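**Q** I'd like to go over a predicted model; first the sequence, then the structure.
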Amino acid sequence: MLHERRSTPLPVLLGQSPARLTAEQAGWMLNCQAHDIPALISARLLKPLGSPSQNSTKYFSTADVLEIAKDRAWLVKVTNTICHHWQKQNARKKDHAFNDGKNGHVSLAAASWPLLFPKHTSFRRAESCASTIRPARPDDESRGHASGAF
């Protein structure tokens, strides 16, 4: 058929690698994910071709990627950068979800947690502790606290 697109790029059919790589292809060549590439760019460990805008598709030189992938020290930096990036992202997500926001409001996730999971073990423990503690009787002056199941 004349109007069918090839699923395999021409350089691959000819036994060559393409001259430039997308973020996904560069990630595949470096054994990392496409979503790790922006962290490598911001850490200046990987430089895209040209001067792409922040939201445009980034392309990378195949020859450059293959060359830097041979450098063990560079690979250590890449590994540490990716690990540090995701630790920061996960900590920020955790802080944002369960702590008060910058504007002083409680997040929806933190406010709705007891409503969504009423029988969660931490809440069950709190309920069982609350049910065993009874207020002190007026005639029990020997202890200055609530009597419990001690």
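**A** Right, received. Where do you want to start? Numbers count the residues shown, from 1 in each chain.
**Q** On the pLDDT front, check residue 54 for me.
**A** Looking at residue 54, its pLDDT stands at 88.
**Q** Surely it forms part of a strand?
**A** No. Looking at residue 54 with DSSP: H, G, I helix; E, B strand; the rest coil, it is coil, so not inside a strand.
**Q** ok, it to residue 90 distance?
**A** Distance from residue 54 to residue 90, counting by Cβ to Cβ, to the nearest Å: 23 Å. C-beta: built from backbone N, CA, C; applies to glycine.
**Q** that's a strand at residue 32, yeah?
**A** No. Counting by three-state DSSP, residue 32 is not part of a strand but coil.
**Q** List the buried residues of the longest helix seen in the chain.
**A** For the chain, the helix that runs over the most residues, judged by DSSP state H, is helix 72-98. Burial within helix 72-98, assessed by neighbour count using 16 or more other Cβ atoms under 10 Å, is assigned to 78, 81-82, 85.
**Q** ok, now stretch 27-44?
**A** Neighbour counts over stretch 27-44 (16+ other Cβ under 10 Å) mark 27, 30, 32, 36-37, 39-41 as buried.
**Q** Okay, domains of this protein per the record?
**A** Using automatic domain parsing, the domain parsing of the chain gives 10-98, 104-134.
**Q** Check which helices and strands the longest helix of the chain sits against.
**A** helix 37-42, helix 108-116 (3 or more Cβ pairs under 8 Å, 6 or more residues apart in numbering; DSSP states H and E).
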